[in-house]
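A.B. asks: mind looking at a prediction? Sequence and model below.
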Amino acid sequence: MSPLPFDPIDEAARQWGRRWDAVPAMHAVTSLMRVQQLVLARLDAILKPHGLTFARYEALVLLVFSSQGSLPLGKMGERLQVHPTSITSIIARLVASGHVVRRRHPEDGRAVLAEITDAGRAVVEAATADLVSSGFAMETMTDDQLRQLSDLLRPVRHAAGDF
């Protein structure tokens, strides 16, 4: 797909402004959503050779960060901020690939734990090396710009109850 000879978000904002208010907010949100699509597509492409998507990678990293290498599915969904159905699907795919095993919780028979395997730990290391070398698909920005971006987005996340 060849690039357009104009910025479609600028054009949408121009058209928007002829009809409605809040042009800066519309432009920022549309830009943010487009960048999210672009970055996620690049991250998934980087992770594809490892048999992962970014969602599966995040789940594995969460398990690596846990003290025991395992967490209840419900807690994983909360920490990753995804719907219970999504975490169930993510874990099912990681089980199928041999990166995770399911275990009954030793203290709560109703809960299921996801536990990372040695293969899961190995794939996290390899995938992380590729993500780091690619700048997490944000290599066009400096470290200072990335910090500024994070700082700019923090109030939106905080107001939404993210933390």
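C.D. replies: All right, it came through fine.
A.B. asks: next, count neighbours for residue 7.
C.D. replies: Number of residues near residue 7 (other Cβ atoms under 10 Å) recorded here: 13. In short, each C-beta sits where N, CA and C put it, glycine included.
A.B. asks: cool, residue 19 as well?
C.D. replies: Number of residues near residue 19 (other Cβ under 10 Å) recorded here: 6.
A.B. asks: could you count how many residues lie near the nearest residue to residue 97 once chain neighbours are set aside?
C.D. replies: The shortest distance from residue 97 to any non-neighbouring residue, by Cβ to Cβ, 6 or more residues apart in numbering, is to residue 51 (5.5 Å). Residue 51: 15 surrounding residues under other Cβ under 10 Å.
A.B. asks: surely residue 51 is in contact with residue 124?
C.D. replies: No. Counting by Cβ atoms under 8 Å, no contact exists between residue 51 and residue 124, whose distance comes to 12.0 Å.
A.B. asks: just the element for the residue nearest to residue 60 when sequence neighbours are not counted, please.
C.D. replies: Leaving aside its sequence neighbours, residue 60 sits nearest to residue 124 (Cβ to Cβ, 6+ apart; 4.9 Å). Using DSSP states H and E, residue 124 maps to helix 118-133.
A.B. asks: quick one, strands of this protein?
C.D. replies: Shown for the chain, the strands assigned by DSSP state E span residues 70-72, 100-104, 112-116.
A.B. asks: follow-up on the earlier one: now the helix holding residue 124: how far from the chain's centre is it?
C.D. replies: Computed by Cα atoms, centre = their mean, to the nearest Å, the separation of helix 118-133 from the middle of its chain amounts to 15 Å.
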